[in-house]
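# Whatever this is, show me its structure:
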Amino acid sequence: MSTLYSTKVTVVGGRSGTVRSDDGVLDLSLAVPKELGGKGGATNPEQLFAAGYAACFENAVIHVTRAQADKVRDGDIEVVGEVGLLPGTGGGFHLAVTLDVTIAGVAQDKAEEIVRAAHAVCPYSNAVKGNVDVTLNVSTR
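Residues are numbered from 1 along each chain as shown. Next comes the predicted model:
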């Protein structure tokens, strides 16, 4: 199987450092959030993960409706991603994710069906399956 896309980023300094992609498009400072005792004022891994998951999930919704009569287009959907950092056992940590998905122009039951199908094909959903609690909230407008 061939890779469809690959990217590489380098982090220096961990949660209080920098992150930069090889092509330079992503070039950000990182900071420990104030809520975790840090200085804040810059992005953090949880925000980056929430952004990536929400964007990918939104595209998965669009993807699963391409062959349907009720196609979802970019302007028809909004996904708000929330990533929580939770204490784990033995001093470790766990993540929890909530995706609030709003789709315009479809009935509630259809929106829920679309979101279930998107969750089955989204690479982020498949990557965290069995490891991260994911809550999907679906609404329409």
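
# Tell me how far the spatially most central residue of the chain lies from L99.
Of all residues in the chain, the one closest to the mean position by CA atoms, centre = their mean is Y53, 1.4 Å from it. Per CB to CB, to the nearest Å, Y53 is found 7 Å from L99. The C-beta positions use only the backbone N, C-alpha and C, and glycine is treated the same way.

# Give me the common contacts of the two.
Here Y53 and L99 have G81 as joint contacts, going by CB atoms under 8 Å, 6 or more residues apart in numbering.

# follow-up on the earlier one: am I right that the residue nearest to the centre of the chain falls within a helix?
Yes: remark: Y53 belongs to a helix, assigned using DSSP: H, G, I helix; E, B strand; the rest coil.

# Need the three-state assignment for E58.
helix.

# In contact with it, which residues?
Counted by CB under 8 Å, 6+ apart, E58 has contacts I77, E78, V79.

# List buried residues within those.
I77, V79 (16 or more other CB atoms under 10 Å).
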